[in-house]
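Visitor: Quick check, what structure comes out for this input:
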Amino acid sequence: MEKLVQTVKQFWNDESGATAVEYGMMVALIAAVIVIAVKDLGGYINTAFGLINTQLQ
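Guide: Got it, this is the predicted structure:
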């Protein structure tokens, strides 16, 4: 039982994977911002080309 408690304490205090998780979260946040920006920009571009198409007809 003492070995189990020691193993749990060691696991709890181990921060070796924390950096990888933090980088993963930052990449996910940046990807989400890019997706939102592209979707928003795509709507504006679609509207602009629609207006240009209407003017050319």
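Visitor: Point me to the residue sitting closest to the centre of this protein.
Guide: Nearest to the mean C-alpha position of the chain, by Cα atoms, centre = their mean, lies A28 at 1.9 Å.
Visitor: where's that residue, which helix or strand?
Guide: Following DSSP states H and E, one finds A28 within helix 18-56.
Visitor: Any idea which helix or strand in the chain has the lowest mean pLDDT?
Guide: Counting by mean pLDDT, DSSP states H and E, the chain has its least confident helix or strand at helix 2-13, which shows a mean of 85.
Visitor: From G24, how far off is W12?
Guide: Going from W12 to G24 by Cβ to Cβ, to the nearest Å gives 20 Å. Every C-beta, even on glycine, is put in place using the N, C-alpha and C of the backbone.
Visitor: ok, Y44 - contacts?
Guide: Applying Cβ atoms under 8 Å, 6 or more residues apart in numbering to Y44 gives no contacts.
Visitor: chain center to stretch 29-41: distance?
Guide: Relative to the centre of its chain, stretch 29-41 is centred 9 Å away, using Cα atoms, centre = their mean, to the nearest Å.
Visitor: Please consider this matter closed, and thank you.
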